[in-house]
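Novice: sequence? don't have it. structure:
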């Protein structure tokens, strides 16, 4: 008798494919064990299956089964985490969030708000606001007395006292460290309008006023 599994026993044991179900390309765990026991019972006593081969077949099946179970567990965990992220993101609707970007929206009769990430030791922080053509519009001091996020608001007032028209503006933050000018990270605030799942891996997306579609992972703060 051959030392490999005799697939001819499948039909005799009643674990073969059913015509109504179509062909099956793999055996389940119970079918595999049933087939293995039948092979042991019907093996040639003068040429028995070697124990090493028998254990190897069991180990191979156990490994494949274990990987399949692990994959199912990981998929279940990923689904649970995505669900939790969606619930957390849903609580952000109608709230303002901070997103790293230099382009912000000045609404009619409103303010362009955000924050500057100020490292330790940086002083004399200010904002340079320009239109999308690069023309200077306003320059504002930032009261950054301690390191960390320092908020700012611009109501559209220009240097000459006029008010800037609604639209998109670029915000640049500059500080002084060791006598040298240093660009700082700017985060613009926007109101979360809705939450959705999309993109690779079902990433949670936020629709933010003035900022468009933003990944939840990009949010740096909540106002």
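Specialist: Thanks, I have the structure now. Just so it is clear, the structure is predicted and the values come from calculations on it, not from any experiment.
Novice: in the chain, which spans are strands?
Specialist: Under the criterion DSSP state E, the chain carries strands at the ranges 96-100, 103-106, 112-118, 123-130, 136-141, 148-154, 167-177, 180-198, 203-208, 212-215, 221-222.
Novice: so which of these is the most packed in?
Specialist: Of all the strands of the chain, strand 112-118 has the most neighbours on average by mean count of other CB atoms under 10 Å, namely a mean of 23. Quick note: C-beta positions are derived from backbone N, CA and C, even for glycine.
Novice: looking just at contacts, which helices and strands does that strand meet?
Specialist: strand 96-100, strand 103-106, strand 123-130, strand 148-154, strand 167-177, strand 180-198 (3 or more CB pairs under 8 Å, 6 or more residues apart in numbering; DSSP states H and E).
Novice: Partner strands of the longest one, with direction?
Specialist: Strands flanking strand 180-198 in the sheet, each with its direction: strand 96-100 (antiparallel), strand 112-118 (antiparallel), strand 167-177 (antiparallel), strand 203-208 (antiparallel) (DSSP bridges).
Novice: which one of these lies closest to residue 156?
Specialist: For residue 156, the closest of the strands paired with strand 180-198 is strand 112-118, at 7.3 Å, according to CB to CB.
Novice: Dump the strands paired with strand 180-198 to TSV, plus mean pLDDT and distance to residue 138.
Specialist: TSV is the format used below for the strands paired with strand 180-198 (pLDDT from 0 to 100; distance: least, CB to CB, whole Å):
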stretch	mean pLDDT	distance to residue 138
strand 96-100	96	20
strand 112-118	97	10
strand 167-177	96	9
strand 203-208	89	23
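Novice: between these, which one is nearest to residue 137?
Specialist: Taking the strands paired with strand 180-198 one by one with CB to CB, strand 167-177 is closest: 6.4 Å.
Novice: ok, residue 182 to residue 125 distance?
Specialist: 9 Å (CB to CB, to the nearest Å).
Novice: With residue 139 instead?
Specialist: Following CB to CB, the distance that separates residue 139 from residue 125 is 12 Å.
Novice: and what of residue 102?
Specialist: Taking CB to CB as the measure, residue 102 falls 15 Å from residue 125.
Novice: just so I know, which of the strands of the chain lies nearest residue 161?
Specialist: That would be, of those and by CB to CB, strand 136-141, which comes in at 11.2 Å.
Novice: What is the neighbour count of residue 157?
Specialist: Counted by other CB atoms under 10 Å, the residues lying close to residue 157 total 13.
Novice: Perfect, I'm done here.
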